[in-house]
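Student: No letters, just coordinates:
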C-alpha cells in the first residue's frame, strides 16, 4: 500500500474529506468511501459507461479517473439528480417510457443524457443514438431510452 | 482490474513536470486525460512507480489564433477542439474529425497532447496532425524543440519522444482560402477506433487543384499521407476517372494488417473508398468556398 493523500471533494453539494490511496478510482471512492452506490462499475476500462458521473459539470468515466484527481472538484452522481423520493424530468421520462429493465446501466445513461442534452442540439433520433452510443444496455434494446431522451428534449425546446 | 500502487505527483508547471520525468528514471508516467493510460493501468499492462499529473497546469490548455497559424495547448480536451469557434472557422476538418473520437465523456477528458503521444494506429488526432502539416512543441529538462508531425509518429504506440520529453503544444497552419475538406471514417460501432479513415484537403486555383493532401489512419502502424495520390490531383479538376485513379493509388500505397476487427484486404478496400469520398467532399466544399 502506498501512502495516502488527503482530498476534499464536493459530491452532490456535500463536502467530503478523506485520506485515499492514489490508485483509488473515483468510481470506487464514490461507492466504497462515500457509500454512493448509485454509480455502477461495469467494465472498469471506459467502455460501458455505467460509471459516468459529472466532474465540474462535464460527464466523465469515473473508472478512468483517480479520486485524488478530483481533489477540490465538484462531482455530481445519479443520487444528486433529485431529492430522495423525487425524480427530475429526465428520470421521470425514463420511468414514463420504460427506459430501464435491470437498471444497471441507468445511472450512467442518466448522467450521459444530462450532459448531451446540455451540449448538443439532438435534432433527431440519430443524434440521440450517437450520444448514447458510449453507454451499453443489455436489456432494453435502447428504443425506450431514446424515447425518454427525445421526450425531455421536446420539453426543454418547445417547437415553433 | 485495479491499478498497482503508485506514487502521485501533481505538477503545477511544465518545468516541474519535466524535472519529475527526468528524476524518475523511466519508471514514471505523465497522466493528462488518462483515457488511454488508465485502462492500461487498470489492466496492469503498465505499472509505473510514479504518476505525474499535469491536469493542473493551467497555461497548457488553450486555443490561440496567431496570424496564419492556430496554436493549441497540449492539455486542450477533444471536446474543446470539437466546439471551438476558432477551429470551426479555420480548421473545420479537425472539428469534424473530433466528433468521431470515442464518446462525449471521453472527449470531455481526453487531451490532444495525450492522444498524440499515445499514437494509437487507428486514432483520429495523429492523422489530423499529419494531414494538416502540424508542428509539435516538446519540452524536456534539457530544453525545448519542435518536430514536424511527419517525423513524430514512428510506429504503433511509438513516437519520437525521449523519456523525459513532454508535448506542450501543437501548431497548425490555417487552411488556405479556396480550400475544401473531407473526412470519412468507418468503425464497427459509433465511437470505436476506425477500421479505416481518410481525410483530404484540396485548395483550388483557377478552377483546378493547386494543393492536395490526403491522410489515412487505421491502415498501418502509423497514420500515413499518400503522396502518390496527392500528386495525381495537382493541376486537375474533379471527374470520376480521376477519383478512380486516386482510389487505386491509395490502395497501392498501403499494406494494412489483418486483425480481429478486419482483414487486410477489407481495410485496403475501405481506405480507397473513403479516400475517394473524402476527395470528392473536399472538391465540393472548395467550390462552395470559392463562389
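Tutor: Received the coordinates, thanks. Quantities reported herein were computed from a predicted structural model and do not represent experimental measurements. Numbering: from 1, shown residues only, chains lettered A, B, ... in the order given.
Student: Tell me how the chain divides into domains.
Tutor: With no chain named, the answer covers chain A. Domains of chain A are assigned by automatic domain parsing as A:5-80, A:89-156.
Student: I was thinking of chain B, sorry if that wasn't clear
Tutor: Split by automatic domain parsing, chain B gives B:7-53, B:58-173, B:179-290.
Student: Just the helices from the chain, written as ranges.
Tutor: No chain was given, so I picked chain A. A:26-28, A:89-96, A:106-119, A:125-132, A:143-156 (DSSP state H).
Student: that's the wrong chain, I meant chain B
Tutor: Under DSSP H, chain B gives helices at B:14-23, B:37-42, B:78-83, B:85-90, B:92-98, B:104-107, B:112-118, B:124-131, B:149-152, B:227-233, B:240-253, B:264-290.
Student: Around chain B, which positions in chain A sit nearby?
Tutor: Contact residues, chain A versus chain B (CB under 8 Å from any CB of the partner chain): A:1-3, A:5, A:21-23, A:25, A:28, A:44-46, A:49, A:52, A:58-61, A:63-66, A:68-69, A:112, A:115-116, A:119-120, A:129-131, A:133-135. Where you see a C-beta, it was placed from the backbone N, CA and C, and this is true even at glycine.
Student: Can you say which of these are buried?
Tutor: Buried by 16 or more other CB atoms under 10 Å in any protein chain shown: A:5, A:21-23, A:25, A:28, A:44-46, A:49, A:52, A:58-61, A:63-66, A:68-69, A:112, A:115-116, A:119-120, A:129-131, A:133-135, out of those.
Student: From chain A, how far off is the residue nearest to residue B:230 when sequence neighbours are not counted?
Tutor: Using CB to CB, 6 or more residues apart in numbering or on different chains and skipping the chain neighbours, the partner closest in space to residue B:230 is residue B:212 (4.5 Å). Separation of residue B:212 from chain A (CB to the nearest CB, to the nearest Å) stands at 30 Å.
Student: pretty sure residue B:191 is touching residue B:103, no?
Tutor: Yes - using CB atoms under 8 Å, residue B:191 is in contact with residue B:103, at 4.8 Å.
Student: tell me, what's touching those two both at once?
Tutor: Listed as contacting both residue B:191 and residue B:103 by CB atoms under 8 Å, 6 or more residues apart in numbering or on different chains are A:133, A:134.
Student: Compare neighbour counts for these two and give me the winner.
Tutor: residue B:103 (23 against 18; other CB atoms under 10 Å in any protein chain shown).
Student: contacting residues around that one?
Tutor: A:49, A:112, A:131, A:133, A:134, A:135, B:191.
Student: Endpoints of stretch B:57-74, how far apart?
Tutor: Length of stretch B:57-74, first residue to last, CA to CA, to the nearest Å: 10 Å.
Student: what does that stretch contact?
Tutor: B:11-14, B:17, B:32, B:54, B:75-77, B:80-81, B:84, B:86-87, B:90-91, B:111-114, B:116, B:166-174.
Student: Close to chain A: what parts of chain B are there?
Tutor: So chain B meets chain A at B:1-8, B:31, B:34-35, B:38-39, B:41-43, B:51, B:53, B:55, B:79, B:83, B:102-106, B:108-109, B:189-191 (CB under 8 Å from any CB).
Student: Could you rerun that using 6 Å?
Tutor: With CB under 6 Å from any CB of the partner chain as the criterion, chain B meets chain A at residues B:1, B:3, B:5-8, B:34-35, B:38-39, B:42, B:103-105, B:108-109, B:190-191.
Student: Which among those count as buried?
Tutor: B:3, B:6-8, B:34-35, B:38-39, B:42, B:103-105, B:108-109, B:191.
Student: roughly how far apart are the residue in the stretch 101-250 of chain B positioned nearest to chain A and residue B:250?
Tutor: Ranking the residues of the stretch 101-250 of chain B by distance to chain A (CB to the nearest CB) places residue B:103 first, at 2.8 Å. Distance from residue B:103 to residue B:250, counting by CB to CB, to the nearest Å: 29 Å.
Student: any low-confidence regions in the stretch 151-291 of chain B?
Tutor: B:290-291 (pLDDT under 70).
Student: Could you do chain A as well?
Tutor: For chain A, the ranges with pLDDT under 70 are A:1-2, A:157-160.
Student: middle-most residue in it, spatially?
Tutor: residue A:111 (3.0 Å; CA atoms, centre = their mean).
Student: Name the nearest residue to it, sequence neighbours excluded.
Tutor: residue A:52 is the one closest to residue A:111 (CB to CB, 6+ apart), at 4.3 Å.
Student: for the one you found, what are its contacts?
Tutor: A:59, A:108, A:111, A:112, B:105 (CB atoms under 6 Å, 6 or more residues apart in numbering or on different chains).
Student: how about 8 Å then?
Tutor: Contacts of residue A:52 (CB under 8 Å, 6+ apart): A:59, A:60, A:61, A:62, A:107, A:108, A:111, A:112, A:135, B:105.
Student: Around the fourth one, count how many other residues there are.
Tutor: Spelled out, it's residue A:62. Count around residue A:62 with other CB under 10 Å applied: 31.
Student: contacting residues around it?
Tutor: A:25, A:26, A:27, A:30, A:39, A:51, A:52, A:53.
Student: Am I right that the last one is in contact with residue A:29?
Tutor: It stands for residue A:53. No - if you go by CB under 8 Å, residue A:53 and residue A:29 don't touch, sitting 10.5 Å apart.
Student: about what we covered before: and the buried ones among the residues of chain B next to chain A, which is closest to residue B:254?
Tutor: residue B:191 (24.1 Å; CB to CB).
Student: and residue B:94, how many neighbours?
Tutor: Neighbours of residue B:94 (other CB under 10 Å): 28.
Student: and if you look at residue A:14?
Tutor: Count around residue A:14 with other CB under 10 Å applied: 10.
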